[in-house]
Structure formats: C-alpha cells, structure tokens
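Peer 1: here you go, sequence then predicted model.
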Amino acid sequence: MSASLTFTFPYEKWKARDADKQLLVPFPVNKALDEVDHLRNQLDAYARELWRTQGEVNGLNAQHVHDNQLITQLNRQQQNQQRECGLSTTNTYKIQITDITYELLAARQEIKRLQLEVQRLRSQERVAQASQLESLKQELEDEKKSHGARMQIFMNGMTSSYNEIEELKAKNKELEERLARAEGAAGADGK
C-alpha cells in the first residue's frame, strides 16, 4: 500500500497560472507497516509454539499424576498379595516398582526441563521483540526527520523563488514606468 501526501501552495498568482498542478510528496510507510506485520506474525508463531509446549508440559504433569496413581495401585496390590499369601515382597514386584520409580523420576526431570525451556523462550522472545520494535521506531523517526528536512529545504526554496519573482515583478514595473516616462519625455521633446 503506497501512501502519499498532497501539498498545494497558497500562492494565488501561481494558483491562477498552475491551477491543475499539485505537488505530490511521497511518505514511505510501507516498510514500517511490513515490519509490524512481520513482528505480529512472529509473535503469533511464538504464541502457537508456546501453547504447544505448554500443552506438552500439561500432558507430562498429567502423566506424572497418572504414574503416582499407578505406583499407589501397585503398592496396594503388593500389600494385598502379602496379606493373602503372607509372603514377603518378591523380587519381581521390587523390580517393577523400581523401574516405575525411575520412569517417574525421568518424567519429572523432563517436565522441569520443558518448564525451563518455556521460560527461556519467553525471555528471548521479549528481548527480541523489544529490540526489533526499538529499531523500527528509530528507523521511522529517522525517516520522519529526513522527510521533514527535505520538506523544509523545499519550502525554503519555494519561498525564496516566490520572493525573487516578486522582486523581479517590482523591478519590471519600475522599468516599465521609467520607460513610459522616457517615452513621454521623448514624445514631448519631439513635438
């Protein structure tokens, strides 16, 4: 999308002569708008990734609860079998419980690792966004200053040209009056 501003100068004598002409001064904001859209797209992608990662963490938390329930259930079964059989815990149950305990510990470590990863990603994204937005603001501000300086130079040139034209018109009028007086004097001398 291209945006431009139209400036018409209020010089009545120029308006009468150049009524159909207007000065178009482009103001490039496309780059800034594209960068804002790009940042929004990155933010949306990050939010989707964060949502997916949070879903994984929630799933691992649910698995952790399920594992705890399974361990409790196995312990109950073991106690019930001990009561029924009057036997001590067999090596098989000890191995099963040990294996499940190790799996549970591994799952807990994975949950902690994912939570730390989520925090790191959030921190990095915030820093990156702040940096990109700051550079975009600076670029836009520089563009505004540059555009303002060019407009000031142009306006000074226009004002100076207008003043020169007015001076030339005044000199022309003075010369015409002098010529008319000289012709009048020459005509009076010639009679």
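Peer 2: On my side now, so go ahead.
Peer 1: so where do the helices sit in this protein?
Peer 2: 12-17, 30-85, 91-190 (DSSP state H).
Peer 1: least confident of these, on average?
Peer 2: When the helices of the chain are ranked by mean pLDDT, helix 12-17 comes last with a mean of 44.
Peer 1: spit out the contact partners of Leu70.
Peer 2: Ile100 (C-beta atoms under 8 Å, 6 or more residues apart in numbering). Yep, even glycine has a C-beta here, placed from its N, CA and C like the rest.
Peer 1: any idea how far Leu133 is from the residue nearest to the spatial centre of the chain?
Peer 2: The chain has Val36 as the residue nearest its centroid, 3.2 Å off, counting by C-alpha atoms, centre = their mean. Between Val36 and Leu133 the computed distance is 9 Å (C-beta to C-beta, to the nearest Å).
Peer 1: before we move on, what about Ala106?
Peer 2: Distance from Ala106 to Leu133, by C-beta to C-beta: 40 Å.
Peer 1: ok, back up a step: any idea how far the residue nearest to the centre of the chain lies from Asp44?
Peer 2: Taken as C-beta to C-beta, the span from Val36 to Asp44 is 13 Å.
Peer 1: likewise for Gln77?
Peer 2: 49 Å.
Peer 1: go on, Thr101?
Peer 2: Applying C-beta to C-beta to Thr101 and Asp44 gives a distance of 41 Å.
Peer 1: so for the residue nearest to the centre of the chain, what's the nearest residue that isn't a sequence neighbour?
Peer 2: Leu136 (7.2 Å; C-beta to C-beta, 6 or more residues apart in numbering).
Peer 1: confirm for me that the one you found is in contact with Glu35.
Peer 2: Yes - here Leu136 lies in contact with Glu35, judged by C-beta atoms under 8 Å, at a distance of 5.2 Å.
Peer 1: okay, Ala106 and Leu133: which has more neighbours?
Peer 2: Just comparing Ala106 and Leu133: by other C-beta atoms under 10 Å the higher neighbour count belongs to Leu133, 13 against 10.
Peer 1: and the spatially closest residue to that one that is not a sequence neighbour, what does it touch?
Peer 2: In space, Leu133 comes closest to Leu39 once its chain neighbours are excluded; the distance is 7.0 Å by C-beta to C-beta, 6+ apart. The neighbourhood of Leu39, defined by C-beta under 8 Å, 6+ apart, consists of 129, 132-133, 136.
Peer 1: also Gly55?
Peer 2: No contacts exist for Gly55 under C-beta under 8 Å, 6+ apart.
Peer 1: picking that back up, could I get the contacts of Leu39 as JSON lines with distance to Gln119?
Peer 2: Shown next, in JSON lines, are the contacts of Leu39 (distance: C-beta to C-beta, whole Å):
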{"residue": "Gln129", "distance to Gln119": "16"}
{"residue": "Gln132", "distance to Gln119": "21"}
{"residue": "Leu133", "distance to Gln119": "21"}
{"residue": "Leu136", "distance to Gln119": "26"}
